[in-house]
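Asks: Kindly return the folded structure for what I paste below:
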Amino acid sequence: MRTPIIMQGMLKTIFKRKLSDNQLANVFVNAMLEVIDKGFVEVAALIKEDPAFVSVPNISETNDGHFTMIVIVGNLNLLEDSFDAVQSTRLEDIISAKFAEIFEMSEGDFYTHLEAYKSFMGKVNHPSKNVLYSMSKAMFHKYRLNEYQDDYFRNMQCPNPLFLKRMDEVMQNFIWNWEAFFKRYKMVG
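Replies: Have a look, this model is predicted:
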């Protein structure tokens with residue numbers, strides 16, 4: 001005979017918690033901010049220790065502004081992989097409004113800032129459409145890491161591929177896991 005605790009766990013997997021678009025946006029925004037706040041110090045340390053650099057990059061653990069926007073843009077760019085076009089657009093609008101409020105910006109100003117990062121990430125990643133690669137390349141360029149590379153890559157003005165590979169592995173940790181999310185929650189409305 002099953003104990004009530006085991007039965008509760010089974011019921012939670014059978015019956016998913018229902019969330020509205022607004023509730024999903026709240027969960028997403030809060031989780032993104034938490035992972036960014038907790039993760040950037042480690043990311044900065046990994047960059048400083050990366051063997052691809054001939055001198056230690058001057059990256060402050062408190063200078064997480066670019067990182068924050070790169071993670072937000074990367075994750076917003078991936079919404080269409082998990083939602084239809086209409087719902088992903090609606091979610092992006094709600095999420096953007098919430099970030100604008102948190103960052104004490106008007107929605108229009110935040111949208112302009114967001115679009116500038118999207119455009120930048122698209123340019124540094126061209127012709128690839130891989131969002132993870134765009135995040136890693138944006139980190140390289142926004143934190144001006146080229147000046148810390150050896151002469152060969154610095155003169156080419158492109159990131160060392162070994163650094164990019166390691167940065168891809170790091171940035172993968174900041175991509176929202178929609179598959180795991182949908183195992184626990186169901187969208188309504």
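Asks: Please enumerate the helices of the protein.
Replies: 4-14, 21-49, 65-77, 85-102, 107-125, 131-142, 151-156, 161-172, 178-184 (DSSP state H).
Asks: can you tell me which of those the model trusts least?
Replies: Sorting those by mean pLDDT places helix 4-14 lowest, at a mean of 48.
Asks: ok, K98 - how many residues close by?
Replies: For K98, the neighbour count with other C-beta atoms under 10 Å is 20. (C-beta placed from N, C-alpha, C; glycine too.)
Asks: what sits against it?
Replies: A25, N26, V29 (C-beta atoms under 8 Å, 6 or more residues apart in numbering).
Asks: Try it again at 10 Å.
Replies: By C-beta atoms under 10 Å, 6 or more residues apart in numbering, the contact set of K98 is N22, A25, N26, F28, V29, N30, M32, L33, E107, F110.
Asks: would a markdown table of the helices of the chain with distance to N58 be doable?
Replies: Output for the helices of the chain, formatted as a markdown table (distance: least, C-beta to C-beta, whole Å):
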| stretch | distance to N58 |
| --- | --- |
| helix 4-14 | 47 |
| helix 21-49 | 9 |
| helix 65-77 | 14 |
| helix 85-102 | 28 |
| helix 107-125 | 20 |
| helix 131-142 | 14 |
| helix 151-156 | 15 |
| helix 161-172 | 16 |
| helix 178-184 | 36 |
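Asks: Nearest to V56 among the ones you listed would be which one?
Replies: V56 lies closest, by C-beta to C-beta, to one member of the helices of the chain: helix 21-49, at 5.2 Å.
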